[in-house]
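K.L.:
with the sequence up front, the predicted model follows.
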Amino acid sequence: MNVETSMKSFQQQKANHINNTSSAKTKSYFESEQAKDRLARRILLDRVLQKVFFLSTIFALLVLGILLQRIIGNSIGWLNLDFLTGRLSINPDKAGISGAIIGSLWLMSVVIPVTLVLGVSTAIYLEEYAKNPKLKNLINTNISNLAGVPSVIFGLLGLTVFGRLLGLGSSVLAGGLTLSLLGLPIVVVSSQEAIRAVPGFLREASYAMGATKWATIRRVVVPTALPGILTGAILAVSRTIGETAPLVVLGIPTLILKSPQGVMDDFTTLPIQIYYWTLDTVLTREYANLAAATIVVLMVVLLTLNASAIIIRNKFQRRY
Amino acid sequence: MLNQEKRKQPQGENSIYKVSHLNLWYGDFLALNDLTFDIQEKEVTAIIGPSGCGKSTFIKTLNRMVELNTNVRTEGEILYHDENIFGDAIKVETLRTQVGMVFQKPNPFPKSVFENVVYGPRIHGINDKNKLMEIAEISLTNAALWDEVKDRLHKNAYDLSGGQQQRLCIARSLATEPDVLLMDEPTSALDPIATYKIEELIDQIKKDYTIVIVTHSMQQASRISDKTAFFLMGELIEYDKTEKIFSSPADQRTEDYITGRFG
Ligand SMILES: Nc1ncnc2c1ncn2[C@@H]1O[C@H](COP(=O)(O)OP(=O)(O)OP(=O)(O)O)[C@@H](O)[C@H]1O
Ligand SMILES: [Mg+2]
């Protein structure tokens, strides 16, 4: 019955359509010469733009290529196992970055749990609980603005609040909390997106079985959103692990002779190490090579992190 | 209790739901208009009617899922085991545990078959592995799915076919040991064979459950249901034994609908 009527109306529409096109033929809307002319110009524009875009891409790649070539070139002969496992030294031939690697790891051991807990909780609140759309909008706008604040500003905030007010000085905890602020917007936004993408019918299924809101969030929403949340967390780590400015503001030193043993110890990180070695190149030329070698290490870490984010995202492609 | 005489139904049976003067609005739109009828325990009640007449709205009201929509307002009462479901005495979570629901589109969780089935028991605090396995086996067996999935309990539920997914959703509902099973066009997304399997399944479990099923298929309603309610534009037009509705309906509009003269 339904099908029949809809078939009929479909055929009617088709008939109308045919009528329309045939009448369009008799009464043309286009001055055909002019139209041809314009078309030719559009095709030309198309070709030109294609070249322009291609050249822009090549330019970016070229810059990257030169950068890589110089850095890798400088690091050859310096980047080896001794360099990775050695302690810091004034003598370039003996200097190693084990302290900076351990420091960076310690830093992330603060950043990852803090951004995950705060970020996911915020996202859950905003997506699942916040009722007032105005308040929600306000918070969302603030978070996006936070993502755009220069990292030095976070350094100042960290110095005032964590370093001085809470008396954490230049410890792992002070640095970790400061960088967490930087990573937080990334985790919040990606978790929000992941939570929003959880289809309503899954929530419905849960509610229909007598689940409370919290049970639904814990057992359905968050697990389903987990790949997106993890991707965000990894991106937050890769954003913060390369940060220098906020740590410089916090007064993170480079010459730490003892590796940190806990979150209250002083520490140094890979980017800080790069920063000071680059500064000191005027004193000792070989420091440039050490900096380059450290950059290579940092880049490998970053590429691995980003690649794993992509792998997680693809592996857990939505199936529902 | 009130208006017993007005209830359009055969008398003298156990009613699990007593619907009295139920009105429901989406915003200003009156979607259910003064419904009054009883639903009998351990029977299959079919709800039929043209698209948009309020069938889904009605069965979603029976477990209060309709309230997940914003701007929904209800009036009147629905007694479930003589308790008003809109009252404070019943928590929605409790109601929904006793009144399971199967949706039009199969909606398993993106988890393993096993985790899907034991979802309900888990949220109600059962964590013992053996106990959960037992529940899973019983529920899947009752949903006529056990033999097909017993070797892939820990595979993702989305690896199953559509019909299997729908039976999994039924198993998932059964696992909370409900009294009532609400089904909103449970076979409309399925092919005839999968549909047949679900109908057969309904036939097997109906001795233990009260089933309310929305369907667009007259054949399905007449095959599986004991009672049939015909809705039109939010109103209950006719409600009677299924044979009666399909052989000699009292209302002209019912006859027009079931003979395909409109809808
Ligand atoms: N969330 C909503 N907000 C506003 N109006 C709604 C909402 N849901 C349903 N309606 C309206 O209520 C009426 C009944 O809808 P309902 O989904 O119950 O119909 P139905 O009988 O299940 O139809 P179908 O056979 O197409 O599934 C329709 O007119 C519909 O437009
Ligand atoms: Mg419907």
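P.N.:
Nice, thanks for sending it over. Ligands and ions are numbered 1, 2, ... in the order given.

K.L.:
list the contacts of residue B:152.
P.N.:
Counting by Cβ atoms under 8 Å, 6 or more residues apart in numbering or on different chains, residue B:152 touches B:113, B:159. All C-beta atoms are positioned from the backbone trio N, CA, C, and that covers glycine.

K.L.:
where's it relative to chain A, distance?
P.N.:
To chain A, residue B:152 is 15 Å away according to Cβ to the nearest Cβ, to the nearest Å.

K.L.:
three-state assignment of that residue?
P.N.:
With DSSP: H, G, I helix; E, B strand; the rest coil as the basis, residue B:152 sits in coil.

K.L.:
residues in contact with the closest residue to residue B:233 other than its chain neighbours?
P.N.:
Closest residue to residue B:233 apart from its sequence neighbours, by Cβ to Cβ, 6 or more residues apart in numbering or on different chains: residue B:53 at 5.7 Å. Taking Cβ under 8 Å, 6+ apart, we find residue B:53 in contact with B:231, B:232, B:233, B:234.

K.L.:
which strand or helix spans the first one?
P.N.:
Assessed by DSSP states H and E, residue B:231 sits inside strand B:227-232.

K.L.:
that strand pairs with which strands, parallel or anti?
P.N.:
If you go by DSSP bridges, strand B:227-232 pairs up with strand B:44-48 (parallel), strand B:235-241 (antiparallel).

K.L.:
pick the most buried one from those.
P.N.:
strand B:44-48 (a mean of 27; mean count of other Cβ atoms under 10 Å in any protein chain shown).

K.L.:
and the next element down the chain from it?
P.N.:
Later in the chain than strand B:44-48, the nearest helix or strand by DSSP H and E is helix B:55-62.

K.L.:
and that next one, does that touch chain A?
P.N.:
No: Helix B:55-62 lies apart from chain A when judged by Cβ under 8 Å from any Cβ of the partner chain; the minimum separation is 9.1 Å.

K.L.:
thinking again about what came up before, so which of the strands paired with strand B:227-232 comes closest to ligand 1?
P.N.:
Set against ligand 1 and scored by Cβ to the nearest ligand atom, the strands paired with strand B:227-232 come closest in strand B:44-48, at 8.1 Å.

K.L.:
that closest one vs helix B:55-62, what angle?
P.N.:
140 degrees (axes from the mean of the first three to the mean of the last three Cα atoms, to 10 degrees).

K.L.:
check the offset of stretch B:65-83 from the chain's centre.
P.N.:
Mean C-alpha position of stretch B:65-83 versus that of the full chain (Cα atoms, centre = their mean, to the nearest Å) differs by 15 Å.

K.L.:
export that stretch as PDB, just CAs?
P.N.:
Extracted C-alpha coordinates of stretch B:65-83, given in PDB (Å, rounded to 0.1, in the frame of the first residue of the first chain):
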ATOM      1  CA  MET B  65      11.800   5.600  28.400                       C
ATOM      2  CA  VAL B  66       9.700   8.300  26.700                       C
ATOM      3  CA  GLU B  67      10.900  10.700  29.400                       C
ATOM      4  CA  LEU B  68      14.400  10.700  28.000                       C
ATOM      5  CA  ASN B  69      12.900  13.100  25.400                       C
ATOM      6  CA  THR B  70      12.800  16.700  26.500                       C
ATOM      7  CA  ASN B  71       9.500  18.400  26.800                       C
ATOM      8  CA  VAL B  72       7.400  15.300  27.500                       C
ATOM      9  CA  ARG B  73       4.500  15.700  29.900                       C
ATOM     10  CA  THR B  74       2.100  13.000  31.000                       C
ATOM     11  CA  GLU B  75      -1.300  12.900  32.600                       C
ATOM     12  CA  GLY B  76      -3.300  10.100  34.000                       C
ATOM     13  CA  GLU B  77      -1.900   6.900  35.400                       C
ATOM     14  CA  ILE B  78      -0.500   3.600  34.500                       C
ATOM     15  CA  LEU B  79      -0.700   1.000  37.200                       C
ATOM     16  CA  TYR B  80       2.000  -1.700  37.000                       C
ATOM     17  CA  HIS B  81       1.100  -4.500  39.400                       C
ATOM     18  CA  ASP B  82      -1.300  -2.000  40.900                       C
ATOM     19  CA  GLU B  83       1.400   0.600  41.500                       C
END
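
K.L.:
that one near ligand 1 at all?
P.N.:
Yes: using Cβ under 6 Å from any ligand atom, stretch B:65-83 reaches ligand 1 at residue B:69.

K.L.:
report the buried residues of that stretch.
P.N.:
B:65, B:66, B:67, B:72, B:74, B:76, B:77, B:78, B:79, B:80 (16 or more other Cβ atoms under 10 Å in any protein chain shown).

K.L.:
next: stretch B:83-95.
P.N.:
B:85, B:86, B:90, B:92, B:93, B:95.

K.L.:
filter these down to the ones near chain A?
P.N.:
Among those, chain A is touched by B:92, B:93, B:95 when using Cβ under 8 Å from any Cβ.

K.L.:
for the last one, what are its contacts?
P.N.:
Residues in contact with residue B:95 (Cβ under 8 Å, 6+ apart) are A:210, B:63, B:64, B:80, B:85.

K.L.:
same list (these) but as JSON lines, adding secondary structure and pLDDT.
P.N.:
Below are those laid out as JSON lines (DSSP: H, G, I helix; E, B strand; the rest coil; pLDDT from 0 to 100):
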{"residue": "A:210", "secondary structure": "coil", "pLDDT": "94"}
{"residue": "B:63", "secondary structure": "coil", "pLDDT": "95"}
{"residue": "B:64", "secondary structure": "coil", "pLDDT": "96"}
{"residue": "B:80", "secondary structure": "strand", "pLDDT": "95"}
{"residue": "B:85", "secondary structure": "coil", "pLDDT": "95"}
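
K.L.:
now, among those, which is nearest to residue A:201?
P.N.:
Checking the contacts of residue B:95 against residue A:201 by Cβ to Cβ gives residue B:63 as the nearest, at 15.4 Å.

K.L.:
and the closest one, its phi and psi?
P.N.:
phi -120, psi 20 (degrees, to the nearest 10).

K.L.:
ok, and the closest non-adjacent residue to it?
P.N.:
Using Cβ to Cβ, 6+ apart, the nearest residue to residue B:63 is residue B:99, at 4.2 Å.

K.L.:
beta partners of the one you found?
P.N.:
Residue B:99 forms beta bridges with residue B:180, as assigned by DSSP bridges.

K.L.:
quick one: the helices in chain A, in order.
P.N.:
In chain A, the helices defined using DSSP state H lie at A:2-26, A:32-75, A:81-85, A:98-124, A:133-148, A:151-158, A:172-196, A:200-207, A:213-216, A:222-240, A:245-250, A:270-279, A:287-315.

K.L.:
one more: chain B?
P.N.:
With DSSP H, the ranges of helices along chain B come out as B:55-62, B:92-98, B:113-117, B:119-123, B:129-142, B:146-149, B:162-174, B:192-205, B:218-224, B:242-247, B:252-258.

K.L.:
let's have the ones you listed in TSV, adding distance to ligand 1 and mean pLDDT.
P.N.:
Listed next are these as TSV, based on distance: least, Cβ to the nearest ligand atom, whole Å; pLDDT from 0 to 100:
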stretch	distance to ligand 1	mean pLDDT
helix B:55-62	3	96
helix B:92-98	18	95
helix B:113-117	25	97
helix B:119-123	25	95
helix B:129-142	27	95
helix B:146-149	29	94
helix B:162-174	17	94
helix B:192-205	17	91
helix B:218-224	13	94
helix B:242-247	17	94
helix B:252-258	12	93
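
K.L.:
contacts only, for the closest residue to ligand 1 within the stretch 101-250 of chain A.
P.N.:
Ligand 1 sits closest to residue A:200 of the stretch 101-250 of chain A, with a gap of 11.6 Å, by Cβ to the nearest ligand atom. By Cβ under 8 Å, 6+ apart, the contact list for residue A:200 is empty.

K.L.:
fine by me, thanks again.
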